[in-house]
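**Student:** Any chance you can model this:
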Amino acid sequence: MEDMLKKVFLAGIGTLALTYEKANEMVGTLVEKGKITVDQGKELNEELKRVINNKETTKNDKSDLKEILKELNLATKEDIANLELRINNLEKNH
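**Tutor:** So this is what the prediction gives:
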């Protein structure tokens with residue numbers, strides 16, 4: 001189980017790469033609005049790059065994470081929706 005949790009954690013780190021672009025946009029917005037200086041924005045972007053570059057990422061992080069979650073036998077949104085439908089049907093019949 002510990003190995004599985006480690007895999008989930010590492011897959012989550014891969015999402016950092018995806019969020020970097022969004023974070024970079026947010027930093028740019030803060031600079032434009034005068035909330036932080038250009039130098040502070042550059043420093044923040046460099047720190048984000050360092051964090052991401054220190055983490056090992058792969059192109060298949062999303063599919064890896066889905067596979068790990070499947071192995072953990074967690075309920076999907078579809079599973080939950082089906083259960084809610086069954087509960088509602090049972091409540092109507094009683």
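
**Student:** List the contacts of Gln40.
**Tutor:** Counting by C-beta atoms under 8 Å, 6 or more residues apart in numbering, Gln40 touches Val31. For every residue, glycine as well, the C-beta is placed using N, CA and C.

**Student:** For it, identify the helix or strand it belongs to.
**Tutor:** In the assignment (DSSP states H and E), Gln40 maps to helix 38-53.

**Student:** what's the average pLDDT for that helix?
**Tutor:** Averaged over helix 38-53, pLDDT sits at 80.

**Student:** Need phi/psi at Ile36.
**Tutor:** phi -140, psi 160 (degrees, to the nearest 10).

**Student:** For Val51, see how far away the nearest residue in space to it that is not next to it in sequence is.
**Tutor:** Nearest residue to Ile36, sequence neighbours excluded (C-beta to C-beta, 6 or more residues apart in numbering): Leu30, at 4.8 Å. Counting by C-beta to C-beta, to the nearest Å, the gap between Leu30 and Val51 amounts to 18 Å.

**Student:** Ok, Val27 next?
**Tutor:** To Val51, Val27 is 13 Å away according to C-beta to C-beta.

**Student:** Give me the more crowded residue out of those two.
**Tutor:** Val27 (19 against 13; other C-beta atoms under 10 Å).

**Student:** wait, doesn't the more buried one sit right on Glu43?
**Tutor:** No: distance between Val27 and Glu43: 9.6 Å, which falls outside the contact criterion (C-beta atoms under 8 Å).

**Student:** Can you name every helix or strand that the helix or strand harbouring Asp64 contacts?
**Tutor:** Taking DSSP H and E as the definition, Asp64 sits inside helix 61-71. The contact analysis (3 or more C-beta pairs under 8 Å, 6 or more residues apart in numbering; DSSP states H and E) places helix 61-71 against helix 2-32.

**Student:** Wait, the residue nearest to Ile36 touches Gly41, no?
**Tutor:** Yes: Leu30 lies in contact with Gly41 (C-beta under 8 Å); the separation is 6.6 Å.
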